[in-house]
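# sequence and predicted structure, then a few things I'm wondering about:
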Amino acid sequence: MTNLTTKIKLYANREINFLKEVKLQDDGNGAYIKEWNLDIAQPTMAQLDAYNTAAELSDALQVIRAKRNKLIAETDYLALSDNTLSEAMSTYRQALRDLPSGKDTVAKCTNATWPTKP
């Protein structure tokens with residue numbers, strides 16, 4: 001089951017401040033909406049469950065982007081103005097930037113082929 005916060009963001013179609021706008025609680029039986037302070041109607045759990053597939057994909061893409069950003073950051077020092085970036089490193093960094101592109105299913109995210117660092 002995907003994260004309730006992701007489903008709420010998809011339902012609202014925007015980022016949510018979960019300290020002010022929507023407060024969640026979990027009493028041990030699963031998370032639920034305790035307080036709703038948005039200008040749109042509060043969804044039912046059934047409505048939010050309709051976002052499962054999209055939320056799972058969003059979460060999977062977030063994992064890919066986090067790993068990709070970490071790998072790019074590890075090579076940022078090579079791209080400074082006082083360094084000449086090798087063609088192989090340039091290709092590697094571009095492949096990392098392109099990695100999330102075309103990932104439209106959780107399976108494609110899970111089975112993503114990561115480029116090899118030169």
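Received the coordinates, thanks. Note that the coordinates shown come from a computational prediction; the quantities given were computed from them, not determined experimentally.

# could you report the distance from residue 67 to residue 104?
When C-beta to C-beta, to the nearest Å is the yardstick, residue 67 and residue 104 sit 18 Å from each other. Yep, even glycine has a C-beta here, placed from its N, CA and C like the rest.

# now do the helix ranked longest in the chain, average pLDDT.
Criterion DSSP state H: the longest helix present in the chain is helix 52-74. Here helix 52-74 scores 93 as its mean pLDDT.

# just checking, what packs against that helix?
helix 4-12, helix 87-98, helix 106-110 (3 or more C-beta pairs under 8 Å, 6 or more residues apart in numbering; DSSP states H and E).

# which of those sits closest to residue 45?
The closest of those to residue 45 is helix 4-12. By C-beta to C-beta, the value is 8.9 Å.

# from the chain's centroid, how far away is the closest one?
Using C-alpha atoms, centre = their mean, to the nearest Å, the distance from the centre of helix 4-12 to the centre of the chain it belongs to is 12 Å.

# ok and it relative to helix 52-74, angle-wise?
110 degrees (axes from the mean of the first three to the mean of the last three C-alpha atoms, to 10 degrees).

# hey, C-alpha coordinates of helix 4-12 in PDB?
Output in PDB follows, covering the C-alpha atoms of helix 4-12 (Å, rounded to 0.1, in the frame of the first residue of the first chain):
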ATOM      1  CA  LEU A   4      -1.300   8.300   2.300                       C
ATOM      2  CA  THR A   5       0.600  11.600   1.900                       C
ATOM      3  CA  THR A   6       1.400  10.800  -1.800                       C
ATOM      4  CA  LYS A   7      -2.300  10.000  -2.500                       C
ATOM      5  CA  ILE A   8      -3.400  13.300  -0.800                       C
ATOM      6  CA  LYS A   9      -0.900  15.300  -2.900                       C
ATOM      7  CA  LEU A  10      -2.200  13.600  -6.100                       C
ATOM      8  CA  TYR A  11      -5.900  14.200  -5.000                       C
ATOM      9  CA  ALA A  12      -5.200  17.900  -4.300                       C
END
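
# name the surrounding residues that touch that helix.
Helix 4-12 has contacts (C-beta atoms under 8 Å, 6 or more residues apart in numbering) with 15-16, 18, 22, 24, 31-33, 38, 40, 43, 47-49, 51-52, 54-55, 58-59.
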